[in-house]
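# everything below, folded, please.
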Amino acid sequence: MGYALNFNLIWRHFDKLWGGLLLSLELAVISIAIGVVIGLVLAVWYVSAGRVVRAVIAAYVEFIRNVPLILLVYLVFYGLPTVVDLAYSAPTSFVLTLSVYSGAYLVEVFRSGLEAVPRGQLDAGKAIGLTPWQRLLHVRLPTMLRITLPALSNTFISLFKDTSIASVISVPELTFGAQWINFNTFRIVEVYLVTTAMYLVTGYALLFGLRLVERRFRAAR
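Residues are numbered from 1 along each chain as shown. Prediction:
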């Protein structure tokens, strides 16, 4: 018996997908914002601290990068509250997990960018009397940002796609909405075709915006 495509039921429940997409973007934006702070602080600390601090930061990065995100999601949502007296919602748990996860990747991005700043720029800043903090704020960070923008763009797009993992703890983002429609209509092909298209369009829109930012910063050099 052939399978006939029928998108009527998908459009009838499209609010599940649209609402899920908006929540996916919200989860990504909040997590990336927190992850940027974590990554930037630890990267600056790494390049200016001693061996012990570097070892601790490196251990954090290696642990997070070598453990699957879905396992971290389960550990934070199901495991952590059983060990520590904590209570939080599934979206909060996922934001916490993705923030820590993204922070580990961004540490490496920012660290490599800081170490790629030409030594001559730092010496010039020192020569005109800038303090270490002023050299960091006015010389190293702006240069690092321009160097790392392409890598940041790729990381941000990847983290947006990672929000789909939130469906395993019933966060009603885009993939969870697709699963709900599939379970209630049994139109698996149609719902995942539409969901795939929504991820593609959103991903390319984000990439286009980030490329514009890259070109603007390049033009300002």
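# report the central residue of this protein.
The residue lying closest to the centre of the chain (Cα atoms, centre = their mean) is residue 159, at 3.4 Å.
# show the contacting residues for that residue.
28, 31-32, 35, 98, 102 (Cβ atoms under 8 Å, 6 or more residues apart in numbering). C-betas here are computed from N, CA, C, even on glycine.
# beyond the host helix or strand of residue 33, next helix or strand please.
Residue 33 belongs to helix 14-48 when assigned by DSSP states H and E. Next in sequence after helix 14-48, counting helices and strands by DSSP H and E, comes helix 51-65.
# now for that next one, which elements pack on it?
Counting contacts by 3 or more Cβ pairs under 8 Å, 6 or more residues apart in numbering; DSSP states H and E, helix 51-65 packs against helix 14-48, helix 90-115.
# got the angle for it vs helix 14-48?
160 degrees (axes from the mean of the first three to the mean of the last three Cα atoms, to 10 degrees).
# list the buried residues for the helix holding residue 33?
Along helix 14-48, these residues count as buried under the neighbour rule (16 or more other Cβ atoms under 10 Å): 14, 16-17, 20-21, 23-25, 27-28, 30-32, 34-36, 38-40, 42-44, 46-47.
# quick check: buried residues in the one helix or strand residue 190 maps to?
Residue 190 belongs to helix 188-219 when assigned by DSSP H and E. Buried residues in helix 188-219, counting neighbours by 16+ other Cβ under 10 Å, are found at 190-192, 194-195, 198-199, 202, 206, 210.
# about what we covered before: tabulate the helices and strands packed on helix 51-65 (CSV), appending distance to residue 130 and mean pLDDT.
Output for those, formatted as CSV (distance: least, Cβ to Cβ, whole Å; pLDDT from 0 to 100):
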stretch, distance to residue 130, mean pLDDT
helix 14-48, 15, 96
helix 90-115, 16, 95
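# in JSON lines: the ones you listed, plus distance to residue 74.
Below are the helices and strands packed on helix 51-65 laid out as JSON lines (distance: least, Cβ to Cβ, whole Å):
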{"stretch": "helix 14-48", "distance to residue 74": "17"}
{"stretch": "helix 90-115", "distance to residue 74": "9"}
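# out of those, which comes closest to residue 123?
Among the helices and strands packed on helix 51-65, the nearest to residue 123 by Cβ to Cβ is helix 90-115 (15.5 Å).
# show me what the closest one is packed against.
Using 3+ Cβ pairs under 8 Å, 6+ apart, the elements in contact with helix 90-115 are helix 14-48, helix 51-65, helix 69-74, helix 141-162.
# wait, doesn't residue 121 sit right on residue 143?
Yes. Using Cβ atoms under 8 Å, residue 121 makes contact with residue 143 at a distance of 6.4 Å.
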